[in-house]
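Visitor: Need a 3D model of the sequence below.
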Amino acid sequence: MRTSVKWINDYLSTGATAAEQAETLTAVGFPVESGGDLDTGDRWQEVELTSNRGDCLSHLGLAREIAAATGRLVAPPSVHPRQPVGTAAASVARVTNHDHARCPRYTARIIKGVKVGPSPEWLRERLLAIGQIPRNNIVDCSNFVLFELGQPTHAFDLARLEQAEIQVRAAREGESFTPIGEGAKPIRLRGGELVIADACRPVALAGVKGGAESAVHEGTRDLLIESAAFDPVAVRTTRRWHQISSDSSYRFERGVAPGDVDAAAERLVALILETAGGTALDGSIAAGTETPAATVISLRLARLAAVAGFTVAADEAIASLTALGISTTRRGEAIECSIPPRRIDLTREIDLIEEVVRLAGLDRIQVRDTLPIRPVPAQATVASIRAARDALAGAGFIETVTHTLISERAAAPFLASGCALLSTEDSAQAGEPILRPSLVPSLLQTLALNRDRGADATMLFEHGATFWRQGDSHAERRTLALVVADARDEEAAVRRARGALDGVVATLRGSGATIAVRDELSTRCANTAAALRPFGSVWVDGGEVGSIGLVNADALGAFGLNGVVAAIECEWAALSRGYPPIMKVHALAASPVLDRDLSLVVDDSCTWARLAEAIRAASLPHLERLDFVGTWRGKGIASGRKSVTMRLLFRCEDRTLRREEIDPEISKLVKALGASLGAELRA
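Guide: Just a heads-up that it's a prediction; the model follows:
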């Protein structure tokens, strides 16, 4: 926030130099970033404020901080009571608040017979010092109160309000509104925004911007003065939807206390009467909820010392809190604190501890030369991700880290039946507003980008979050996905992807984990399966974990890709369940292994899992391991059939096996497989 040194000193019993203001504010947590001298003898300074200190977005708020830290007294502006004129404001205008949740308090005051013209020199000087452009006495008074007290206000031309009525309500879809400002164009409201309307149309975006059609102009004679409190989320939503920001929205988004509304309005009325003349009608028109009672928080002295790391005497703590405008009462070893309405950031005991420590001096906190550190192993959730990444990187895959937002065209193919896409309402993401329902489109987008740039990145993986809507609920899942691109060979792409998955499963579950692919639609990663043709579901140790298959042409086309791309996506919680695996240690075998390669011709529909299960069911003596080698279709193999090559490893613990012992068993196995699966030994 840009400040004026003279302006801050207006509210201090003893003025502080620019250097003293900068040093003091920095010491209490509001560093001064820059500054510059002005021709008027004043100096502007840019103060950095935290987002929870909306009460300090004003010169009076910063003066309070300086006074509390230096022992000065605060001299807030005084407003003399208005003389009654006999006409009540409520008899001239009407206010209806239809949304107390988003507007807890709305007030209106009426001033008649003003004369719009230039502001006096003192007012122009204060505004120019902080970079504001003076407009006229009405607008300048409103801006002055904004930067003096931190409470946004607004002046409507009463004659331009239809039926002299104010309604605080939600905007209707399609309503038009023209904001104040040179060259401003009408905007169409989406519906649901909180607006200030007259009897016919919106005349302001609540907390964000006034409207051109009800703005003060040279011929304005009667005013309706608005002072209100608006919900920060409502203001932020409207501001983002329409990309309209203002000094008012900046403050409302950080919190404006309903209890300060009336004081700011009375201050503005007094300034307008002083600079523009006119007569203020009696009273105000208020609509909303009751002003909440003061918050009371107990501060334990023992807790203060424990958190601060040094002892703060009760009298010192009370003095610090009192200097900040907090009413205190000593209750034994605790201090009961009544929080002023403007300090909406103070809600807990720890907040009060921070206030005391700030004023006591952050330099009193002891800084140790060394810190005791006890190394601890990584949590299983973190270690499992690292292990999977290492396994995939070792297999030649490249990890990607992509944005969770993608375009609707990219997301549409990856959506299962009964699911819907989730989108953001941030207009900055207009081109890519969709929260990805699968990681695969992000990988395809990366694949396409690298191909366009001539980079050889055909095997990619990512671990991240996916989002979608199912019915009335939002779903979010963390998944692991990988893609393998190949110019023509579908089988090679799928095998490479499956081999990488086998490595990940062995890392996460141990070498004894079983993996199966079933010819059915996955329920774990159904959004991914929607874009796969053909597709299958991945099962590990009897539980479903994800989807596997080839990305179909429509999904590839959304990224300008063609050819063959195999994809796997697994739900991370299901895939990594049981990590780390329990390792079993055993002595190394003393005898050598005997291996036999076997090629069998079977029907295309016969899966490796089914074939391996039949071989293990044969209970061959001394069979230690069975490995898949490859599949062949083509010359020498009848249509609808395939040749599956496997390797069988045999071992006897106490002696060396001879082939003569194994060959008869192999022959029996081939006959058994021929009877059960129609398998034939390939010549």
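Visitor: List the residue ranges of the chain that fall below the pLDDT cut-off.
Guide: 426-430 (pLDDT under 70).
Visitor: Direction included, what does the longest strand belonging to it pair against?
Guide: In terms of residue count, the longest strand belonging to the chain (DSSP state E) is strand 473-486. Here strand 473-486 has these sheet partners by DSSP bridges: strand 459-470 (antiparallel), strand 564-571 (antiparallel).
Visitor: so how far is that strand off the chain centroid?
Guide: Averaging C-alpha positions (C-alpha atoms, centre = their mean, to the nearest Å) puts strand 473-486 20 Å from its chain's average.
Visitor: Let me know the next secondary structure element after that strand.
Guide: On the C-terminal side of strand 473-486, the closest following helix or strand by DSSP states H and E is helix 490-509.
Visitor: Which elements pack onto that next one?
Guide: Where contact means 3 or more C-beta pairs under 8 Å, 6 or more residues apart in numbering; DSSP states H and E, helix 490-509 is packed against helix 380-394, strand 459-470, strand 473-486, strand 515-518, strand 532-540, strand 543-551, strand 564-571, helix 572-575. Where C-beta positions appear, they are placed from N, C-alpha and C, glycine not excepted.
Visitor: buried sites along the fourth one?
Guide: To tie it back to what came earlier, the one meant is strand 515-518. 515-517 (16 or more other C-beta atoms under 10 Å).
Visitor: ok, the closest residue to residue 649 other than its chain neighbours to residue 291 distance?
Guide: Nearest in space to residue 649, with sequence neighbours left out and distances taken as C-beta to C-beta, 6 or more residues apart in numbering, is residue 625 at 4.5 Å. As for residue 625, its distance to residue 291 is 78 Å (criterion: C-beta to C-beta, to the nearest Å).
Visitor: pretty sure residue 140 is touching residue 125, no?
Guide: No. Taking C-beta atoms under 8 Å as the definition, residue 140 is not a contact partner of residue 125, at 10.9 Å.
Visitor: Those two - which one has more neighbours?
Guide: The neighbour comparison of residue 140 against residue 125 (other C-beta atoms under 10 Å) goes to residue 140, with 24 against 17.
Visitor: What is the one helix or strand that one maps to packed up against?
Guide: Per DSSP H and E: residue 140 is located in helix 137-149. Packing partners of helix 137-149 (3+ C-beta pairs under 8 Å, 6+ apart): helix 59-70, helix 121-129, strand 153-157, helix 247-252, helix 261-276.
Visitor: what's the closest of the ones you listed to residue 209?
Guide: helix 247-252 (7.6 Å; C-beta to C-beta).
Visitor: quick one: contacts of that closest one?
Guide: 54, 57, 143, 146-147, 150-152, 154, 207-209, 229-230, 232, 235-236, 238-239 (C-beta atoms under 8 Å, 6 or more residues apart in numbering).
Visitor: switch to 7 Å and redo it
Guide: 54, 57, 146, 150, 152, 207-208, 230, 232, 235, 239 (C-beta atoms under 7 Å, 6 or more residues apart in numbering).
Visitor: Next, count neighbours for residue 160.
Guide: 17.
Visitor: With residue 638 instead?
Guide: Burial measure for residue 638: 10 neighbouring residues, criterion other C-beta under 10 Å.
Visitor: Residue 181 too?
Guide: Count around residue 181 with other C-beta under 10 Å applied: 13.
Visitor: Return the distance of it relative to residue 123.
Guide: Here the criterion is C-beta to C-beta. By it, residue 181 lies 21 Å from residue 123.
Visitor: same deal with residue 313?
Guide: Taken as C-beta to C-beta, the span from residue 313 to residue 123 is 45 Å.
Visitor: which of the two has more neighbours?
Guide: Using other C-beta under 10 Å as the criterion, residue 313 and residue 123 rank with residue 123 on top: 19 against 10.
Visitor: List the contacts of the nearest residue to the more buried one once chain neighbours are set aside.
Guide: Closest residue to residue 123 apart from its sequence neighbours, by C-beta to C-beta, 6+ apart: residue 140 at 5.4 Å. Residue 140 sits next to 119, 123, 127, 134 when contact means C-beta under 7 Å, 6+ apart.
Visitor: Also residue 343?
Guide: Residue 343 touches residue 55, counting by C-beta under 7 Å, 6+ apart.
Visitor: Helix, strand, or coil at residue 203?
Guide: Secondary structure for residue 203, judged by DSSP: H, G, I helix; E, B strand; the rest coil, is strand.
Visitor: That one reaches residue 215, doesn't it?
Guide: No. Counting by C-beta atoms under 7 Å, residue 203 sits too far from residue 215 to count as a contact (9.0 Å).
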